[in-house]
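sequence unknown, structure follows:
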């Protein structure tokens, strides 16, 4: 994992092609498929899997609940407005606190990105299922928090020393050819099918008060099929959707997936 660490109207046909590609991705070679049949799922290798999954999902749900309280906060005097950075930090700090309390960090690790890593990789943090013996990551979930555009616009802040440092400027130059969403998809694609991109939406157009997510290890299928992977494209996944996973359902699906299979899920976190 390295260090423990609008869709325009003209793109509509391309976007449809992208959504189709996620569902119709061609299977890996027969040899890989045969190998996958004889390999146990990651779920089977965890100690007391139901208990572990319940604890992990409980930590994620607790972070979602606390963040939602800040998300829907309304100051009667209209003076206090939690910024996007605050909301992201509230989610991350609540999750970390719960995971430490439940002592699951040696099974399901959480690594917050440095400002430079966030710019280069597009992720705010990375969750990882760790091998018991080596503590190497077996499955990784890179998370990028997407805030409502109006909240981001209302909380523009002056340039501070951290964001104007030389290392930050170098990182921005290195990553200037792609937007944040595309950088995270590229990062996950380079790692492989066991790295998932999770776009965490703190509110969406038709429901500003709840937290949703789109998770996939197959966003790379968008290459050459649509111009931009951005918030508008992510929100399009929810159009006509009939089933949303819970955090527990998300973790069960990720850990029970066969090697080499594509997986795309819609999740409601609050």
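Arrived safely, thanks for sending. What you are looking at is a predicted structure, and each value in this text was computed from that prediction instead of being measured.

What's the mean pLDDT across stretch 167-181?
Throughout stretch 167-181, pLDDT has a mean value of 80.

same question but for stretch 59-74, I mixed them up
For stretch 59-74, mean pLDDT is 96.

just stretch 114-129 next, same as before
95.

which helix is the longest one in this structure?
Counting residues, the longest helix found in the chain (DSSP state H) is helix 49-71.

Can you name the secondary structure element that comes next after that helix?
helix 84-101 (DSSP states H and E).

rewinding a little: for the longest helix of the chain, which residues meet the burial criterion?
Neighbour-count burial for helix 49-71 flags 49, 52-53, 55-64, 66-68, 71 (criterion: 16 or more other CB atoms under 10 Å). Quick note: C-beta positions are derived from backbone N, CA and C, even for glycine.

Stretch 178-195 too?
180-189, 191, 193-195.

Tell me the one of these nearest residue 231?
Checking the buried residues of stretch 178-195 against residue 231 with CB to CB, the nearest one is residue 181 at 7.2 Å.

how near is the closest residue to that closest one other than its chain neighbours to residue 62?
Spatial nearest neighbour of residue 181, chain neighbours left out: residue 229 (4.6 Å); criterion: CB to CB, 6 or more residues apart in numbering. Separation of residue 229 from residue 62 (CB to CB, to the nearest Å): 30 Å.

ok, now residue 170?
Applying CB to CB to residue 170 and residue 62 gives a distance of 37 Å.

and the residue most central in space within the chain, helix, strand or coil?
Nearest to the mean C-alpha position of the chain, by CA atoms, centre = their mean, lies residue 198 at 2.0 Å. With DSSP: H, G, I helix; E, B strand; the rest coil as the basis, residue 198 sits in strand.

what do you get for the one 10 residues further on?
When states are read from three-state DSSP, the local structure at residue 208 comes out as strand.

which residues does it contact?
Contacts for residue 208 (CB atoms under 8 Å, 6 or more residues apart in numbering) come out as residue 148.

if you set the cut-off to 10 Å instead, what comes out?
Listed by CB atoms under 10 Å, 6 or more residues apart in numbering, the contact partners of residue 208 are 71, 72, 148, 150, 151, 202.

ok, residue 135 - contacts?
4, 106, 107, 109, 128.

coming back round to it: closest to residue 140 among the buried residues of stretch 178-195?
The nearest member of those to residue 140, counting by CB to CB, is residue 195 at 4.5 Å.

my guess is that closest one meets residue 141, correct?
Yes - counting by CB atoms under 10 Å, residue 141 is a contact partner of residue 195 at 7.7 Å.

Averaged over its residues, which helix or strand of the protein has the lowest pLDDT?
When the helices and strands of the chain are scored by mean pLDDT, DSSP states H and E, helix 30-37 comes last with a mean of 42.

burial measure for residue 150, as a count.
Residue 150: 10 surrounding residues under other CB atoms under 10 Å.

For it, grab phi and psi.
Per-residue torsions, residue 150: phi -70, psi -30 (degrees, to the nearest 10).

Per-residue pLDDT of it, please?
78.

residues in contact with it?
Residue 150 neighbours (CB under 10 Å, 6+ apart): 203, 208.

In terms of helix, strand or coil, where does the closest residue to residue 231 other than its chain neighbours fall?
Computed as CB to CB, 6+ apart, the closest residue to residue 231 that is not its neighbour in sequence is residue 146, at 5.2 Å. Classification of residue 146 using three-state DSSP returns strand.

How much space separates residue 146 from residue 101?
On the measure of CB to CB, residue 146 and residue 101 end up 28 Å apart.

Fine, thanks again, bye for now.
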